[in-house]
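Undergrad: Turn this into a model:
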Amino acid sequence: MQGGYALKRGCTDIPCLLIFFVFLGVFGWATFTGFKDGQLYKLIGGVDGDGKICGYVDSKGDTARKDYPVLYLPQLNINPKKTFENGVCLKECPSLKDGETKGDKRVMDCVKRTETNAMSDCNMIVYNTFKIGGYCLPAS
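TA: Numbers count the residues shown, from 1 in each chain. Have a look, this model is predicted:
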């Protein structure tokens, strides 16, 4: 730069700072409105193989899953696309009982699937799980 630094300098960040604060205000308003008036559970709730949200009464008034808030995926070793197709809604996350080993089958308290498949009778493979949100995740 010839002649050194420019002597006439000014702050150029004020317009950007104002735009940033406007963005934060609009984003904060949208977030608040979403939590207050929205149905957040529809975004984060577990969806079973029938496409229904666990623990939620759907728009048609189906209350079958209302008391079954967690999604359990009994067959984790299959194609990842099909893993959630076999998901079922349970009252609580399962764990192995005395004498059971990983991979044993047990009849669990679940919402019976409307489709005719292996999960319709709630006789499922069991493994130790823990709950995060509305999901039963493998413990080991």
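
Undergrad: my guess is Ala139 contacts Lys131, does it?
TA: No. Look at Ala139 against Lys131 with Cβ atoms under 8 Å: they stay out of range, at 10.4 Å. Heads up, the C-betas are built off the backbone N, CA and C, glycines and all.

Undergrad: Neighbours of Trp29, how many?
TA: 10 (other Cβ atoms under 10 Å).

Undergrad: can you start the count at 279 instead of 1 from here on
TA: Sure, I'll start numbering at 279, so the last one becomes Trp307.

Undergrad: just checking, it is part of a helix?
TA: Yes. Remark: Trp307 belongs to a helix, assigned using DSSP: H, G, I helix; E, B strand; the rest coil.

Undergrad: Gly333 and Ser418, how far apart?
TA: 25 Å (Cβ to Cβ, to the nearest Å).

Undergrad: neighbour-wise, which of these two wins?
TA: Gly333 (17 against 7).

Undergrad: got a pLDDT number for the more buried one?
TA: At Gly333, the model reports a pLDDT of 87.

Undergrad: Got the phi and psi for Leu374?
TA: Dihedral pair for Leu374: phi -70, psi 140, per degrees, to the nearest 10.
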